[in-house]
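# Give me a model of this one.
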Amino acid sequence: MHITLRQLEVFVEVHQCGSTTQASQKLALSQSAVSAALTDLEGQLGVQLFDRVGKRLVVNEHGRLLYSRALLLLEDAGEIEKLFNEDNGALRVSASSTIGNYILPEVIARYRHDFPELPLEMSVGNSQDVVNAVADFRADIGLIEGPCHHVDIIAEPWLEDELVIFAAPSSSLFDAPVTLDTLAAAPWILREHGSGTREIVDFLLLSHLPQFHLGMELGNSEAIKHAVRHGLGISCLSRRVIAEQLASGTLREIDTPLPRLTRTLWRISHRQKRLSNALLRFLGYCDQ
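Numbers count the residues shown, from 1 in each chain. Sure thing, here's the model as predicted:
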């Protein structure tokens, strides 16, 4: 059986109009095309859908059984068509933890305000997780905190982010001017390897501190903030990550002799991935 949407559309229109002549006008088809589609549908079903009463077609019990189901199918087909006409496909975004936890929520809130019904999937991991997801086509777009070296991925600069060295307000580092030696001797609490923050912090710190004391590695920024707040060491994270704690005084920025520490946040996509209009629209919200 090969029932087509066109046959169902003809059936519904004939049912509503009561004749093939009026249905053909509504559908912009010839009367013979409407009659042929209806005859083919009845032939496939093996039943008559209408009783012929003079020049009118009156729906019978078989037609009434089909009518509601045909309407549902046509409505579903219309919804599918509308989705792709408006380029409203589901988006899969993967972001590293700082971006996913501290930047994207505001972006998604603006996007959801304008497009509340559109499907959007977001996953959060470290930068290497995001690169792997984009490389394996498990994500349409990735947003990461460090450079990407994968041969199959295009990386584009996205945002500038400032990194801040900080400690607990009770730290002895605030008792005297901070030098490179005191920074090198302090226990550092850093993100794990594979994190974009860790990669860039290693690069920036090692360029100024050939040696420094790694106190511990933790898997997320929240754990680092709590560890530093309890006096276990000092750290370096995005200003966006500790903005609330700096404002409330539970963490304190260290005034160091180092130059301002900045990094570039990157937007990545697979070289063979076509960026749809829906995806470009979402990226527009990211760039605001």
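# what sits against the closest residue to residue 159 other than its chain neighbours?
With sequence-adjacent residues excluded and distances taken as CB to CB, 6 or more residues apart in numbering, residue 159 is closest to residue 265, at 4.4 Å. Quick note: C-beta positions are derived from backbone N, CA and C, even for glycine. Residue 265 sits next to 99, 103, 143, 144, 145, 157, 158, 159, 160, 161 when contact means CB atoms under 8 Å, 6 or more residues apart in numbering.
# one more time with 6 Å
Shown in contact with residue 265 (CB atoms under 6 Å, 6 or more residues apart in numbering): 145, 158, 159, 161.
# Quick one: the helices in the stretch 101-250 of the chain, in order.
Assigned by DSSP state H, counting those that start in this stretch, the stretch 101-250 of the chain shows helices spanning 104-114, 127-135, 180-185, 196-208, 221-229, 239-248.
# Figure out the helix or strand that the residue nearest to residue 159 lives in.
Element membership of residue 265, judged by DSSP states H and E, is strand 261-270.
# before we move on, back to that, ok, now how distant is the residue nearest to residue 159 from residue 129?
Using CB to CB, to the nearest Å, we find residue 265 at a distance of 16 Å from residue 129.
# Verify the stated contact: residue 124 with residue 100.
Yes - Residue 124 lies in contact with residue 100 (CB atoms under 6 Å); the separation is 3.4 Å.
# Out of the helices and strands in this protein, which is least certain?
Lowest mean confidence among the helices and strands of the chain (mean pLDDT, DSSP states H and E): helix 196-208, at a mean of 80.
# quick one: contacts for residue 271?
Counting by CB under 6 Å, 6+ apart, residue 271 touches 152, 154.
# can you pull out the strands in the stretch 51-200 of the chain?
Assigned by DSSP state E, counting those that start in this stretch, the stretch 51-200 of the chain shows strands spanning 56-59, 91-96, 120-125, 141-144, 153-167, 187-191.
# Low-confidence stretches in the stretch 1-150 of the chain?
In the predicted model, the stretch 1-150 of the chain carries pLDDT under 70 at residues 1, 83-89.
# Residue 261: neighbouring residues, count only.
Applying other CB atoms under 10 Å, we find 19 residues neighbouring residue 261.
# So it is in contact with residue 204, correct?
Yes - counting by CB under 6 Å, residue 261 touches residue 204, with 5.2 Å between them.
# about what we covered before: off-centre distance for the helix or strand following the strand holding residue 265?
Using DSSP H and E, the helix or strand that follows strand 261-270 in sequence is helix 277-287. Counting by CA atoms, centre = their mean, to the nearest Å, helix 277-287 is centred 10 Å from the centre of its parent chain.
# hey, C-alpha coordinates of stretch 65-84 in PDB?
C-alpha atoms of stretch 65-84 as PDB (Å, rounded to 0.1, in the frame of the first residue of the first chain):
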ATOM      1  CA  LEU A  65     -13.500   6.400   9.700                       C
ATOM      2  CA  LEU A  66     -10.700   7.800   7.600                       C
ATOM      3  CA  TYR A  67     -11.400  11.500   7.900                       C
ATOM      4  CA  SER A  68     -10.100  12.300  11.400                       C
ATOM      5  CA  ARG A  69      -7.000  10.200  10.800                       C
ATOM      6  CA  ALA A  70      -6.300  11.900   7.500                       C
ATOM      7  CA  LEU A  71      -6.600  15.300   9.100                       C
ATOM      8  CA  LEU A  72      -4.100  14.400  11.800                       C
ATOM      9  CA  LEU A  73      -1.600  13.100   9.200                       C
ATOM     10  CA  LEU A  74      -2.000  16.300   7.100                       C
ATOM     11  CA  GLU A  75      -1.500  18.500  10.200                       C
ATOM     12  CA  ASP A  76       1.600  16.600  11.200                       C
ATOM     13  CA  ALA A  77       3.000  16.800   7.700                       C
ATOM     14  CA  GLY A  78       2.300  20.600   7.700                       C
ATOM     15  CA  GLU A  79       4.200  20.900  11.000                       C
ATOM     16  CA  ILE A  80       7.100  19.100   9.600                       C
ATOM     17  CA  GLU A  81       7.100  21.300   6.500                       C
ATOM     18  CA  LYS A  82       6.800  24.400   8.700                       C
ATOM     19  CA  LEU A  83       9.800  23.300  10.700                       C
ATOM     20  CA  PHE A  84      12.100  23.200   7.700                       C
END
